[in-house]
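>>> here you go, sequence then predicted model.
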Amino acid sequence: MNWFNAVAVGLLEILANKFRSLLTMLGIILGVSSLVAMSALTKGMENGMKEALIAIGGLEKVRIEDQDIPVWQQHMADQAVGNTMEDVYALVRSAPLVTMVVPEMRSRNITMTRGGKSFSPWNFSGTWPNAVELNQHTVEFGRMFNDLDEENARNVCVVGTAVRDALFGSPEQVGRVIDPVGEFVNISSQRFKIIGMFEHYESAQDKKLRQLEAEKPAEPKASGPERSRGYGSMSKGASRSTGGFVFDLKNNTVYIPLNTMWLRFRAASGTSSSGSSGYGGSSKSSSSSSSSSSTGTLGSTEFVPDPRLSTLSIKIADIDKMDAALQQAKNVLMHTHKGIEDFSFRTQENWSEGITQAIQNARMSGGIIAAISLLVGGIGIMNIMLASITERVREIGIRKAIGATFSDVFTQILVESVVIAIIGGLAGLFTSNLLVKLLVAMSPSENTPVITVESMAMAFAFSVGVGVLAGLFPAVKAAKLNPIEALRYG
């Protein structure tokens, strides 16, 4: 039988029963559109999570965190000192697979003030200058503090855009991008100079939304040399998801030299001199328990600064050598910790595996829902084809009487079923684009749904497959009709 004629007859049959054919294809349309839309949503989630993973240092970054001392070592609890600068220097000296070591001392409940305005940053840390590289920061204005600032414990800081927006005003408020470099702020009653500001961090979707907002006609505002770059206030909203939280956290970061943190905040906010002895572990000192003290505002009692680090992060040379590098670092730390395993490694691989698992689960659940829709659509096609055969029994009998073979009748019915599925699949692909746009309009998300060619091809292939399977039984039934009995029908 001529395939072109078979397809033409199938189309004519569909056109002859438009409403019935539309209802039949509805299940296929819904199944295909739901499958493509679900795939687009999960792809958007995956892109957003991976974007956030890269923004916090990538897979090569590993955090060394404090953990409870194992039960069998509880008798040595009084000897545990936690992570200190001694660990940092030991890793630098004895762990060649570790390319970067970044210590951090954090302080909570910090308030920054200027001109009657106040702000509490989410992440106020004393660290080394290489924290910028490890944590994927980019200094947009000014500079990062250097080793000299660190050694002399200078009162300098590098801030995120959220600090700028809160204390100096956002670009949207003043009509221009503000450069706070050179300005002074009070941090818990201590005067600090801002020497640098990080660029504004945002997800790809936030950036796209900002660009769209910039393209819309707006009321005239004060002009500035970099007016088009005003976007600081976008990070003020509550974080929407893991990915959004990462960018908000980076915008709410304040870095000061580690030695400054150790002397000014770990000891007390007092009059300690800015020497290079520092945290008992500047680059020229190996002692982790400095005897230097300062007179704090809490009274006349002398305080010994806490030598423990809040976080110790390392960067691995090669992700393929992760296990060997961690074992190397563990051996070094077991030596500096006197055999007490009061530390643990937290790799970004855990997050990466979590992303993969979450995406797989979302795809599986969405695939099951779409498969059910396609199954319903297939049942509808089978039902309508059986009804069509009943209406055309006499026609089929005449065709067989004048020479049509089993194969001719079988092919004709099967082609009609597949034509319905193909038209439904194409309509479903078109509907899926509208559905995704509707989802974005109704519930904007930083993880923009991404429709991929692979998902569309897979959904269309499934719709054709459903059409073939749904048409097999009616085609066989029609092809087996006895021409004499068929001619007597009706």
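Looks like it arrived, so ask away. All of these numbers come straight from a predicted model, not from anything done at the bench. Numbering: from 1, shown residues only.
>>> contact partners for residue 311?
63-65, 83, 103-104, 106, 125 (CB atoms under 8 Å, 6 or more residues apart in numbering). For the C-beta atoms, the positions are set from N, CA and C on the backbone; glycine is no exception.
>>> so what does it have for phi and psi?
Backbone torsions of residue 311, given as degrees, to the nearest 10, read phi -150, psi 140.
>>> ok, now residue 69?
Dihedral angles (degrees, to the nearest 10) for residue 69: phi -70, psi 130.
>>> touching, it and residue 76? I think so.
Yes - judged on CB atoms under 8 Å, residue 69 makes contact with residue 76 at a distance of 7.3 Å.
>>> buried ones in stretch 336-352?
Residues of stretch 336-352 classed as buried: 336-337, 340-343, 345, 347-348, 351 (neighbour count, 16 or more other CB atoms under 10 Å).
>>> okay, those in JSON lines with pLDDT, secondary structure and distance to residue 376 next?
Converted to JSON lines, these look like this (pLDDT from 0 to 100; DSSP: H, G, I helix; E, B strand; the rest coil; distance: CB to CB, whole Å):
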{"residue": "336", "pLDDT": "87", "secondary structure": "helix", "distance to residue 376": "64"}
{"residue": "337", "pLDDT": "85", "secondary structure": "coil", "distance to residue 376": "62"}
{"residue": "340", "pLDDT": "81", "secondary structure": "coil", "distance to residue 376": "62"}
{"residue": "341", "pLDDT": "81", "secondary structure": "coil", "distance to residue 376": "57"}
{"residue": "342", "pLDDT": "81", "secondary structure": "coil", "distance to residue 376": "58"}
{"residue": "343", "pLDDT": "84", "secondary structure": "strand", "distance to residue 376": "55"}
{"residue": "345", "pLDDT": "83", "secondary structure": "strand", "distance to residue 376": "49"}
{"residue": "347", "pLDDT": "75", "secondary structure": "strand", "distance to residue 376": "44"}
{"residue": "348", "pLDDT": "66", "secondary structure": "helix", "distance to residue 376": "42"}
{"residue": "351", "pLDDT": "61", "secondary structure": "helix", "distance to residue 376": "38"}
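>>> between those, which sits nearest residue 390?
Ranked by distance to residue 390 (CB to CB), these are led by residue 351 at 58.6 Å.
>>> quick one on the thing from earlier: quickly list what's touching both of residue 69 and residue 76.
The contact sets of residue 69 and residue 76 overlap at residue 340 (CB under 8 Å, 6+ apart).
>>> hang on, the earlier thing: now the buried members of the contacts of residue 311.
Of those, these count as buried by 16+ other CB under 10 Å: 63-64, 83, 103-104, 125.
>>> flag the shaky bits of the stretch 51-200 of the chain, pLDDT-wise.
51-59, 77, 174 (pLDDT under 70).
>>> which stretches of it form strands?
All strands of the stretch 51-200 of the chain, identified by DSSP state E, counting those that start in this stretch, fall at 61-66, 98-106, 112-114, 117-119, 123-127, 139-142, 156-159, 184-187, 190-198.
>>> please state the offset of stretch 382-392 from the chain centre?
Distance of stretch 382-392 from the chain centroid (CA atoms, centre = their mean, to the nearest Å) equals 50 Å.
>>> please apply the same query to stretch 310-320.
Counting by CA atoms, centre = their mean, stretch 310-320 comes out at 20 Å from the chain centroid.
>>> closest one to residue 488 out of the buried ones among the contacts of residue 311, please.
residue 63 (82.7 Å).
>>> just give me the neighbour total for residue 459.
25 (other CB atoms under 10 Å).
>>> ok, it to residue 126 distance?
53 Å (CB to CB, to the nearest Å).
>>> closest to residue 29 among the buried ones among the contacts of residue 311?
Nearest member of the buried ones among the contacts of residue 311 to residue 29, counting by CB to CB, is residue 63, at 48.6 Å.
>>> what's the separation between residue 94 and residue 336?
Counting by CB to CB, the gap from residue 94 to residue 336 is 10 Å.
>>> got it, and residue 134?
Going from residue 134 to residue 336 by CB to CB gives 21 Å.
>>> quick one, domains of the protein?
3-52+356-488, 68-341 (automatic domain parsing).
>>> need the three-state assignment for residue 4.
helix (DSSP: H, G, I helix; E, B strand; the rest coil).
>>> that one: neighbour count?
8.
>>> wait, residue 142 sits on residue 158?
Yes - using CB under 8 Å, residue 142 is in contact with residue 158, at 7.3 Å.
>>> higher neighbour count, those two?
A count of neighbours by other CB under 10 Å puts residue 158 above the other of residue 142 and residue 158, at 27 against 18.
>>> on that earlier part again, hey, what's in contact with both of residue 142 and residue 158?
194-197.
>>> and these, which two are the farthest apart?
195 and 197 (9.0 Å).
>>> between the two, what contacts are shared?
In contact with both residue 195 and residue 197: 142, 158, 181, using CB under 8 Å, 6+ apart.
>>> return the closest of these with respect to residue 401.
Using CB to CB, those come closest to residue 401 at residue 158, 90.1 Å.
>>> now do the same contact list for the closest one.
So residue 158 contacts 132, 139, 142-145, 194-198, 254-256 (CB under 8 Å, 6+ apart).
>>> same question, residue 480
Taking CB under 8 Å, 6+ apart, one finds residue 406 in contact with residue 480.
>>> pLDDT score for it?
Per-residue pLDDT puts residue 480 at 85.
>>> residue 288 now?
34.
>>> next: residue 427.
At residue 427, pLDDT is 89.
>>> and it, which of the three is it?
helix.
>>> would you mind measuring from it to residue 414?
20 Å.
>>> looking at the two, which has the bigger crowd around it?
residue 414 (23 against 18).
>>> before we move on, back to that, can you tell me which of the contacts of residue 158 is nearest residue 438?
Nearest to residue 438 among these, with distances taken as CB to CB, is residue 198, at 36.5 Å.
>>> neighbours of residue 402, how many?
8.
>>> equivalent analysis for residue 92, please.
14.
>>> contacts only, for it.
Contacts of residue 92 by CB under 8 Å, 6+ apart are 98, 101.
>>> just residue 257 next, same as before
Residue 257 makes contact with 126-127, 145, 149-150, 153-154, 156, according to CB under 8 Å, 6+ apart.
>>> okay, these in JSON lines with neighbour count and distance to residue 23 next?
Conversion of the contacts of residue 257 to JSON lines gives the following (neighbours: other CB atoms under 10 Å; distance: CB to CB, whole Å):
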{"residue": "126", "neighbour count": "29", "distance to residue 23": "68"}
{"residue": "127", "neighbour count": "26", "distance to residue 23": "65"}
{"residue": "145", "neighbour count": "23", "distance to residue 23": "70"}
{"residue": "149", "neighbour count": "20", "distance to residue 23": "74"}
{"residue": "150", "neighbour count": "23", "distance to residue 23": "73"}
{"residue": "153", "neighbour count": "26", "distance to residue 23": "77"}
{"residue": "154", "neighbour count": "19", "distance to residue 23": "76"}
{"residue": "156", "neighbour count": "22", "distance to residue 23": "71"}
